[in-house]
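> I would like the atomic coordinates for the input below:
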Amino acid sequence: MARQLGFDLPSRTALGRDAFFAAPSNAMALSMIDQWPGWPGGKLALTGPEGAGKTHLAHVWADQAQARIIPARSLVDVEVPALATGPLAVEDVPDIAGNDAAQTALFHLHNLILAEGHTLLLTGTPPVAQWGLTLPDLVSRMRGATAVALEAPDDMLLTALLVKLLADRQLTPKPDLVPYLLSRMDRSFAAAIALVQRLDAASLAQKRPLTRQLAAQVLDKPPAAG
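Numbering: from 1, shown residues only. A predicted model of the protein is given here:
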């Protein structure tokens, strides 16, 4: 259903398995998710660029494993024993690089989850060795996890991502729009996410449907400074 212009409806991201587009760039990561609960040592580190699908895969796994998901920066506010009663995904582990309390909590959580026979999924953008953790015992345990990376997208995956991002925002583009965007945008997941956000904002602000003309206007205008 096309959006009614003028109403700033929230974006609703589809995070189910059916909404995850399999491609060569993510095939290894998807295969490892499917191999649960047979992960070596009971844990898996999932890495890759912003917007590559780490959160989506974490939700796919959580649905499959009946697991909970928590951002790493929230670890200072949790009761570790209560959180270690089942499978768990901890997202954006590099966010706690400068937080001794959160790193200590993750260390104890890691040990207790594995001791209880459960599994642990960890995510972060750079490779595990670049997560910036400083607690030596935690560093050794993170580096001991099997790691798999989502790679940079090809044309097929970028096309699927653009279609999904537009659908998440209840935007219905004309058939020629996505190829037009693909030929002119920076070729990364983060660029696709930012571009769809800008298109959505422009469509709402100008009360115009999403067309190539509007896209050309957005593409010609530098992004606002963050």
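> the residue nearest to residue 96 when sequence neighbours are not counted: which element?
Once flanking residues are discounted, residue 96 sits nearest to residue 102: 3.9 Å by C-beta to C-beta, 6 or more residues apart in numbering. For the C-beta atoms, the positions are set from N, CA and C on the backbone; glycine is no exception. If you go by DSSP states H and E, residue 102 is part of helix 100-115.
> let's test this: mean pLDDT of the longest helix seen in the chain, rounded?
Longest helix in the chain, counting residues (DSSP state H): helix 189-206. The average pLDDT within helix 189-206 is 89.
> which parts of it are buried?
The neighbour-count check on helix 189-206 (16 or more other C-beta atoms under 10 Å) flags 189, 191, 192, 194, 195, 196, 198, 199, 200, 202, 203, 204 as buried.
> check stretch 99-118 too.
Buried residues in stretch 99-118, defined by neighbour count with 16+ other C-beta under 10 Å: 99, 102-110, 113-114, 118.
> cool, and stretch 119-133?
For stretch 119-133, by 16+ other C-beta under 10 Å, it's 119, 120, 121, 122, 123, 124, 125, 128, 131, 133.
> and for stretch 66-80?
67, 69, 72, 75, 80.
> the buried residues of stretch 99-118 into CSV, with extra columns for distance to residue 152 and pLDDT?
Listed next are the buried residues of stretch 99-118 as CSV, based on distance: C-beta to C-beta, whole Å; pLDDT from 0 to 100:
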residue, distance to residue 152, pLDDT
99, 30, 97
102, 30, 97
103, 30, 97
104, 34, 97
105, 33, 97
106, 28, 98
107, 32, 98
108, 35, 97
109, 31, 97
110, 29, 97
113, 32, 97
114, 32, 97
118, 32, 97
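> reformat the residues you listed as a markdown table; add distance to residue 212.
Output for the buried residues of stretch 99-118, formatted as a markdown table (distance: C-beta to C-beta, whole Å):
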| residue | distance to residue 212 |
| --- | --- |
| 99 | 46 |
| 102 | 46 |
| 103 | 49 |
| 104 | 53 |
| 105 | 50 |
| 106 | 47 |
| 107 | 52 |
| 108 | 54 |
| 109 | 49 |
| 110 | 50 |
| 113 | 50 |
| 114 | 53 |
| 118 | 50 |
